[in-house]
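In: Sequence and predicted structure below; questions after.
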Amino acid sequence: NAGVTQTPKFRILKIGQSMTLQCTQDMNHNYMYWYRQDPGMGLKLIYYSVGAGITDKGEVPNGYNVSRSTTEDFPLRLELAAPSQTSVYFCATSGGVYEQYFGPGTRLTVT
Amino acid sequence: GENVEQHPSTLSVQEGDSAVIKCTYSDSASNYFPWYKQELGKRPQLIIDIRSNVGEKKDQRIAVTLNKTAKHFSLHITETQPEDSAVYFCAASKASGTYKYIFGTGTRLKVLA
């Protein structure tokens, strides 16, 4: 089992460009989450999903979009990248109320 | 809004000493409190958790205590070792049925050999 995988590992974007961060899980978990972690800071929830076809905003959704067409995949879309979106992005999954399992992260720099 | 405060932000201890990290939460409906360890450049990984119907939980050198009345919980690491050096995050669940967490801002623990 791969668990939670994320691609790419690293990416440099120019201001105004767009990209999609991929997250895939093989744990058959219904709940999936996207967090961002700024340097030296905690984790802020961007978007989450409680199942295929259902998504909702977290604490910091502006500038991002998500979709959840399957249980396995939860891509995060950045439109019109800004320097403020420079961060490490973590995808996580959960089978319910307890432990969240994190992917390895994507380190994004916007210049 | 709901938040989780975590203290201290940095902590240095001598190898073999104990370390204590404290968190306070605001949502009285929170019922699950995990602690994650994040090594440099790695993903957060769960090290211990506690549910609201329990006051204390121990796993070898690591323990967590919960005071629901005061709305705070603490991580205790005994006999610290250099490999315990990392950033530790507490979190509290939001009891809204969506299984979301609010994370603390993290504590950077450095164990000095």
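Out: Nice, I can see it.

In: Show me the strands paired with the helix or strand of chain B with the lowest mean pLDDT, marking each as parallel or antiparallel.
Out: When each helix and strand of chain B is scored by mean pLDDT, DSSP states H and E, strand B:100-103 comes last, with a mean of 90. Strand B:100-103 has its sheet partners listed here by DSSP bridges as strand B:86-94 (antiparallel).

In: thinking residue B:91 is in contact with residue B:106, fair?
Out: No. With contacts counted by CB atoms under 8 Å, residue B:91 stays clear of residue B:106, the gap being 10.6 Å. For every residue, glycine as well, the C-beta is placed using N, CA and C.

In: which of the two has more neighbours?
Out: residue B:91 (26 against 23; other CB atoms under 10 Å in any protein chain shown).

In: any idea how far that one lies from residue A:98?
Out: Separation of residue B:91 from residue A:98 (CB to CB, to the nearest Å): 11 Å.

In: Find the residues that touch each one of those two.
Out: In the contact map built from CB atoms under 8 Å, 6 or more residues apart in numbering or on different chains, the residues linked to both residue B:91 and residue A:98 are residue B:34.

In: Give me every residue in chain B lying close to chain A.
Out: B:6, B:31-32, B:34, B:42-46, B:49, B:89, B:93, B:98-101, B:103-106 (CB under 8 Å from any CB of the partner chain).

In: and the residues you listed, which are buried?
Out: Buried by 16 or more other CB atoms under 10 Å in any protein chain shown: B:6, B:31-32, B:34, B:43-44, B:49, B:89, B:93, B:98-101, B:103-106, out of the residues of chain B next to chain A.

In: So which residues on chain A come close to chain B?
Out: So chain A meets chain B at A:31, A:33, A:40-45, A:48, A:50, A:56, A:58, A:90, A:94, A:96-100, A:102-105 (CB under 8 Å from any CB).

In: Just the buried ones from the residues you listed, in ChimeraX syntax?
Out: Entered in ChimeraX, the line below selects the buried ones among the residues of chain A next to chain B, by 16+ other CB under 10 Å:
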select /A:31,33,42,43,44,45,48,50,58,90,94,100,102,103,104,105
